[in-house]
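*Asks:* Give me the fold of what follows.
(chains A and B)
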Amino acid sequence: MVMLSETQTESGRMILNMGPQHPSTHGVLRLLLELEGEEVVNCVPDIGFLHTGIEKTMESRNYHQAIVLTDRTDYLSPLTNNLSYILACEKLFGIEQDIPVRAHVIRVIMCELSRIGSHLIWLGTQALDLGASTVFLYCWREREQILSINEAVSGVRMMTSYFRIGGLSADVNRGDPKADNPADRLSFEDRVAEFVRIMPGRVDEYELLLSRNPIFMDRTRGVGTITKEDAVRYAFTGPCLRASGIPLDMRVAYPYCGYEQYDFDVPFSNEGDVYARYMVRLREMRESVKIIRQGLEKLRGLEGQPIRIDDPRIAFPKRDKIHTSMESLIHHFKLVSEGPVPPAGEAYAVVESPRGELGTYVFSDGSNKPHRVRFRGPGFYNLQGLPRLTNGRMVADVVACIGSIDIVLGEIDR
Amino acid sequence: MGTSPGQSSTGTQTVPGQTPQTEPPAALGPVYAEHLQRLLDRFSEATVPAWRYADGIPTASVPAERLVEVCAWLRDGSTPRFELLIDVCGAHWPTRQLPFEVTYLFHSVDTNLRLRLKCSAGGETPTLPTICDVYPAANWPEREIWDMFGVVFEGHPDLRRILTPNDWEGHPLRKDFPLGEEPVEFYRSPAITPSVSAEAGGGAGTE
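*Replies:* Numbers count the residues shown, from 1 in each chain, chains lettered A, B, ... in the order given. Reported below is the predicted structural model:
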């Protein structure tokens, strides 16, 4: 093991400590680089700086309370984390067949929006790391729209906790004609429709700035290449695996929330380098826009349908019922104070997060609190394979490689 | 005056608001997924635990001494081949005979089939063999399970703590490890003296 105090190995190689406060490490990641001149001989990631014991804390909360903690893992796409945990719980409760269609459609729209939002951060920071600061600011402009939609729907911009076991916490907003902010006067559907109207043009804009940019291409093509076999050996998932030639997408392989009814492509590439991962993610943004369009179409036919199952043991009663019905008040009290109680067992549910396979493993011992919750974060495994990308390359390429695997340390350290 | 069979059977229907019992019919004998059945045929020590797997992923339990062999067979010998190790997950069940249960989840790239293996350990220092040589992706998750549960993976190339600091004591996800909340002290804080809080409360009360 290499210690921080060492600056040289016996063979005279230099040990460079990159991070944990390096801006290009996207959080608090520390890399120990063993250098021969400017060539990286070995790279040892050191994680855990953001470990907050989320899995341990969830064991002392009931099933509804634990939802709030899932936001804090992958904080760039909180809705996907919510969904992964909630799908696992719904399997555990045995209600995954009963979820209303309207809830599923809204879940899909929100998850695809957060996928675009997360990819925008990845794109902005990746470009910024490679010296293209314009793209960064453009990406923030579009992400702002997504965060506003999050806020309008859930009341919070980032830590949404919008989904519930059995459906959603509330229906999407109708729009308030008297609101001060003009955007708040629009309904959810109009806002999202406006976003998907402009988004394809914006992706064109990013492509114009980067895809044929000679500096960007020099820094990314043939850099950080990983073969198909190695990507599988190191359990890469998501865009990183698809850029290496395996079109594995959880939305297609194990459809959840009715993804099998949507028409979209799974972009993949055979190059396996940073540029391939860039192209895969850009094309994914366009596919997400396609999915959201279809979702809006479906939503139109589901006006006024329920957004939560009607099961007082699991899902919260409607707010207006609590004020008028004694039983609803009791059910609400029971759910808040004690929480729903699943039968003993375990369930693993997987969603395609912007970074790959996000699985949540929930173990129940038959009490009102999860016995154990485990997050299978895609970043944890993708980062593990980072030395495969960087070894033998220049120090400057390390920056491009970290950006291209799109890590979020909150999800890796939990 | 006996109730007819038809009536009594309607009486056992699920009552609204109660959980329907979802126990499988035991008389027919279990029917396993093909790839799980092949594993059970190949390794006589492998068993299917009596436990509720609500996600429907075929699951087998193997003894620790056969684990590496089973994994190598899954990767190279079985049909379909399970090349992708999706996850390794630990859990602590203090009341069980072997309290530390490690769950391995495998994925087959060609067929999208999944298979789950369970392996348990107990004793003073729970020990399992590492599967790093078969699946290099198991390196970090095994370190995490060592860190969080104190399960030693024999033969692991680099078994260090991964999420907690190097000088951390104990294994946080064990059930006997306290959560460590700091008690909130409401009245002893020197910053809020009784007179100040009374003043603030009095101001609100006069309205």
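*Asks:* Any idea how many residues pack against the closest residue to A:Ala235 other than its chain neighbours?
*Replies:* Closest residue in space to A:Ala235, ignoring its immediate chain neighbours: B:Ala137 at 3.6 Å, by Cβ to Cβ, 6 or more residues apart in numbering or on different chains. All C-beta atoms are positioned from the backbone trio N, CA, C, and that covers glycine. The number of residues packed near B:Ala137 is 24, by other Cβ atoms under 10 Å in any protein chain shown.
*Asks:* what's whichever residue of chain B sits closest to chain A in contact with, if anything?
*Replies:* The nearest approach of chain B to chain A comes at B:Arg52, 3.0 Å away (Cβ to the nearest Cβ). Residues in contact with B:Arg52 (Cβ atoms under 8 Å, 6 or more residues apart in numbering or on different chains) are A:343-346.
*Asks:* follow-up on the earlier one: isn't the residue nearest to A:Ala235 right up against B:Leu85?
*Replies:* Yes: with contact defined as Cβ atoms under 8 Å, B:Ala137 counts as touching B:Leu85 (4.8 Å).
*Asks:* Now for these two: what residues contact both?
*Replies:* Common neighbours of B:Ala137 and B:Leu85 (Cβ under 8 Å, 6+ apart) are A:Ala235.
*Asks:* who wins for most neighbours among the contacts of B:Arg52?
*Replies:* A:Glu346 (28 neighbours).
*Asks:* Count the neighbours of the residue in the stretch 101-250 of chain A that chain B sits nearest to for me.
*Replies:* With Cβ to the nearest Cβ, the shortest gap between the stretch 101-250 of chain A and chain B falls at A:Ala235, namely 3.6 Å. Here the number of neighbours of A:Ala235 (other Cβ under 10 Å) works out to 29.
*Asks:* now swap in B:Arg114 and tell me
*Replies:* Other residues close to B:Arg114 by other Cβ under 10 Å number 23.
*Asks:* Okay, and the residue nearest to it when sequence neighbours are not counted sits in which element?
*Replies:* Using Cβ to Cβ, 6+ apart and skipping residues adjacent in sequence, the residue nearest B:Arg114 is B:Ile57, 5.0 Å away. Under DSSP states H and E, no helix or strand contains B:Ile57.
*Asks:* Mind pulling up the pLDDT for B:Ile57?
*Replies:* pLDDT recorded at B:Ile57 is 89.
*Asks:* what about the helices in chain B?
*Replies:* B:5-11, B:34-42, B:67-72, B:139-149, B:194-205 (DSSP state H).
*Asks:* Tell me the buried residues in the second one?
*Replies:* It stands for helix B:34-42. For helix B:34-42, burial by neighbour count (16 or more other Cβ atoms under 10 Å in any protein chain shown) applies to B:35-36, B:38-40.
*Asks:* Identify, from those, the entry nearest to A:Asn368.
*Replies:* Using Cβ to Cβ, B:Leu36 comes nearest to A:Asn368 of the buried residues of helix B:34-42, at 31.9 Å.
*Asks:* Test my guess that that closest one contacts B:Ala60.
*Replies:* Yes: B:Leu36 lies in contact with B:Ala60 (Cβ under 8 Å); the separation is 6.0 Å.
*Asks:* Could you tell me which residues touch both of these two?
*Replies:* Common neighbours of B:Leu36 and B:Ala60 (Cβ under 8 Å, 6+ apart) are B:48, B:115.
*Asks:* Centroid-nearest residue for chain B?
*Replies:* Centroid-nearest residue in chain B, with Cα atoms, centre = their mean: B:Ala91, separated by 4.6 Å.
*Asks:* what residue ranges in the chain score low on pLDDT?
*Replies:* All of this is about chain A. A:1-10, A:23-25 (pLDDT under 70).
*Asks:* look at chain B instead
*Replies:* For chain B, residues meeting the criterion pLDDT under 70 lie at B:1-29, B:182, B:184-207.
*Asks:* How many residues are close by the nearest residue to B:Trp140 once chain neighbours are set aside?
*Replies:* Excluding the flanking residues, the one nearest B:Trp140 by Cβ to Cβ, 6+ apart is A:Gln384, at 4.6 Å. A count of nearby residues for A:Gln384, using other Cβ under 10 Å, gives 23.
*Asks:* A:Gln384 is in contact with B:Ala138, isn't it?
*Replies:* No: counting by Cβ under 8 Å, B:Ala138 is not a contact partner of A:Gln384; they are 9.7 Å apart.
*Asks:* Relative to A:Gly94, how far out is the residue of chain A found nearest chain B?
*Replies:* For chain A, the residue closest to chain B is A:Gly345, as judged by Cβ to the nearest Cβ, at 3.0 Å. Separation of A:Gly345 from A:Gly94 (Cβ to Cβ, to the nearest Å): 9 Å.
*Asks:* Give the intersection of the neighbour lists for those two.
*Replies:* Taking Cβ under 8 Å, 6+ apart as the contact rule, A:Gly345 and A:Gly94 both touch B:Ala54.
*Asks:* contacting residues around A:Thr125?
*Replies:* A:26, A:136, A:403.
*Asks:* In this structure A:Met199 contacts A:Arg143, no?
*Replies:* No: checked against Cβ under 8 Å, the pair A:Met199 and A:Arg143 is beyond contact range at 11.2 Å.
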